[in-house]
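K.L.:
sequence and predicted structure below; questions after.
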Amino acid sequence: MEDIYCQQIIPGKLKVDMVFETDQVMAFHHTKPYWEHHVVIIPKTHIDSLSTYPNTPALNKDIFEAIKVVTKLFEEHYGGCKHHWYKLERVAYEKQEAALK
Ligand SMILES: [Zn+2]
């Protein structure tokens, strides 16, 4: 699929500051943060929308483990954490990318 995650980040072509990684998911500091502290959690497979999320136990386990790790990082270092789902994150990123062109 044509998106920065599948084309650049997951294959390792664009280096990111990784917070957490398994064979199913990765969590990393946003390369162009929208907020002062901005970590992105993504599955390592393309998913168009939460409506087509595969909901497999292995992916769910790793997604929630990543959320826990990132939340702990933010609570300990930045005073709190807000969660935004993958699709919302991607929409915000694409808007930001479009604004920079
Ligand atoms: Zn993708």
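P.N.:
Yep, that arrived.

K.L.:
which residues sit against stretch 69-84?
P.N.:
19-20, 27, 36-37, 39, 41, 67, 92 (Cβ atoms under 8 Å, 6 or more residues apart in numbering). (C-beta placed from N, C-alpha, C; glycine too.)

K.L.:
so which bits of the chain are right by the ion?
P.N.:
1, 3, 5-6, 46 (Cβ under 5 Å from the ion).

K.L.:
dump the residues you listed into CSV; add pLDDT as well.
P.N.:
Converted to CSV, the residues of the chain next to the ion look like this (pLDDT from 0 to 100):
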residue, pLDDT
Met1, 63
Asp3, 88
Tyr5, 92
Cys6, 92
His46, 93
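
K.L.:
identify the farthest-apart pair in those residues.
P.N.:
Between any two of these, the greatest separation by Cβ to Cβ is 8.5 Å, found for Met1 and Tyr5.

K.L.:
hey, what's in contact with both of the two?
P.N.:
Shared contacts of Met1 and Tyr5, counting by Cβ under 8 Å, 6+ apart, come down to His46.
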